[in-house]
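Enquirer: Build me a model from this:
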Amino acid sequence: MDYEQTELLFALTKVPNVGPVMAKNLISYCGSIEQVFNASKKELSKIPGVGQIFAASFNPKKVLEDAKKELKQLHQHDIQFLTYMDKAYPRRLLHIDDAPVLLFYKGNMNLNHPRTVAIVGTRTPTVYGTTVCEKIIEELSAYNIHIISGLAFGIDGVAHRKSLELNIPTLGILGNGLPKIYPGEHTSLAGKMLQNGGLMSEFSYNTKPARENFPMRNRIIAGISDVVIVIQSKSKGGSIITAEMGNMYNKDVFAVPGRTTDEFSEGCNALIKQNKAHLAESAKDIAYIMRWDEIDSSKHLQKQLFVELDDQEMIALGIIRDNHPIAIDLLSYKLQLNPSEIASLLLSLEFKGLIKSLPGKKYILT
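Expert: You can find the predicted model right below:
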């Protein structure tokens, strides 16, 4: 997007009651972000489902002024921003209906790294929880992963610190605007993460930490990750919300089991018992389910293919190779195919022995 379009998109997010879904619907219906701002209130009010609410609260002059102020603040504090139309936007979020139209970011982490692992858990872990968390990260370091968490007290902090210790890039998703680190005790940790990882938020510059922000933050953690690992959790809480969202987004969710008498393992044990999470005692369990060992070993093999492919199959194989493994919904989005068309294409490629399916409706080259 050019600067003028970005400015207009910023302004659209300043309109009261306009969230990610409504913003995208408005742009889609009008044809462009410029047309949203050029339309009359009468024209806007006719947009199905959102028009009257939007038209009543839309003040183009005010929201543009607010957007210009925030863009200036972002520049002053070296905060980058990504729109959902930018190439660098996390592609794993593109197929989530309520993915943010804007993301604010600081750091140097590749937001589209081939393997992203979210680690979440209680804010008050036991020695067992801390030890298991560090052990799993140590073992996962062999698989070229990036670690994602929420920069909160407890397991989040353990995950970020251990990642830095092992030189694993780690990303913290915040529930407030980026200029403020919450909790404040993690300011030093956040600064170190900028050197090998980063910080991200969907919340505007001046947004303060608020209870209602954290479930929204959790959906980003789940959506941007291939794997969600829950390490110690009570029966309710942010970690369980993140796991539930991971299941909703077709991610592979894992939980570390604990004693039946331990309240900090109630949530993990329940996820496993209800078939909402794979049991994870070590990184080997995760690598086995994700077939990472198979994938890594296959990279060292060269195979000659004696099959005829049409243009669409060639394009699909190229996309799978560059985004390997890739979720079926993202592949469908990139190829602009409907569900029946993508299913037929993938079946053809599987019959030819060129691809195979993984858990979570993902595909890799054979």
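Enquirer: Could I get the full set of strands for the stretch 101-250 of the chain?
Expert: 102-107, 116-121, 146-149, 170-173, 197-201, 227-231 (DSSP state E, counting those that start in this stretch).
Enquirer: Pipe those strands into TSV and attach mean neighbour count per row.
Expert: Every C-beta, even on glycine, is put in place using the N, C-alpha and C of the backbone. Listed next are the strands of the stretch 101-250 of the chain as TSV, based on neighbours: other C-beta atoms under 10 Å:
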stretch	mean neighbour count
strand 102-107	21
strand 116-121	29
strand 146-149	27
strand 170-173	29
strand 197-201	24
strand 227-231	29
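Enquirer: could I get those as CSV with mean pLDDT and distance to P359?
Expert: Below are those laid out as CSV (pLDDT from 0 to 100; distance: least, C-beta to C-beta, whole Å):
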stretch, mean pLDDT, distance to P359
strand 102-107, 95, 27
strand 116-121, 98, 15
strand 146-149, 98, 19
strand 170-173, 98, 23
strand 197-201, 97, 26
strand 227-231, 97, 10
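Enquirer: Turn these into a markdown table, columns for distance to L349.
Expert: A markdown table is the format used below for these (distance: least, C-beta to C-beta, whole Å):
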| stretch | distance to L349 |
| --- | --- |
| strand 102-107 | 33 |
| strand 116-121 | 25 |
| strand 146-149 | 28 |
| strand 170-173 | 32 |
| strand 197-201 | 34 |
| strand 227-231 | 25 |
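Enquirer: Nearest approach to G258 belongs to which of these?
Expert: The closest of these to G258 is strand 227-231. By C-beta to C-beta, the value is 9.4 Å.
Enquirer: which outside residues touch that closest one?
Expert: Applying C-beta atoms under 8 Å, 6 or more residues apart in numbering, the contact partners of strand 227-231 are 115-121, 125, 129, 132-133, 136, 155, 221-222, 239-240, 242-243, 246, 251-256, 267-268, 271, 277, 280, 286, 290.
Enquirer: thinking again about what came up before, compare the strands of the stretch 101-250 of the chain and report which one is nearest to L140.
Expert: Of these, the one closest to L140 (C-beta to C-beta) turns out to be strand 116-121, at 6.4 Å.
Enquirer: Which neighbouring elements make contact with that closest one?
Expert: Strand 116-121 is packed against helix 127-140, strand 146-149, helix 155-165, helix 213-223, strand 227-231, helix 238-248, with contacts defined by 3 or more C-beta pairs under 8 Å, 6 or more residues apart in numbering; DSSP states H and E.
Enquirer: can we see that at 6 Å?
Expert: strand 146-149, strand 227-231, helix 238-248 (3 or more C-beta pairs under 6 Å, 6 or more residues apart in numbering; DSSP states H and E).
Enquirer: Check which residues of the longest one are buried.
Expert: What that stands for is helix 238-248. Going by neighbour count (16 or more other C-beta atoms under 10 Å), the buried part of helix 238-248 is G238, S239, I240, I241, T242, A243, E244, M245, G246, N247.
Enquirer: Stretch 28-38 now?
Expert: Buried residues in stretch 28-38, counted by 16+ other C-beta under 10 Å: Y29, C30, I33, V36, F37.
Enquirer: so of these, which ones are in helices?
Expert: Y29, C30, I33, V36, F37 (DSSP state H).
Enquirer: Output the residues you listed in TSV; the columns should cover distance to A190 and pLDDT.
Expert: Below are these laid out as TSV (distance: C-beta to C-beta, whole Å; pLDDT from 0 to 100):
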residue	distance to A190	pLDDT
Y29	39	87
C30	39	89
I33	32	93
V36	35	91
F37	36	92
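Enquirer: sorry, back to before: nearest to Q5, of the strands of the stretch 101-250 of the chain?
Expert: strand 102-107 (12.2 Å).
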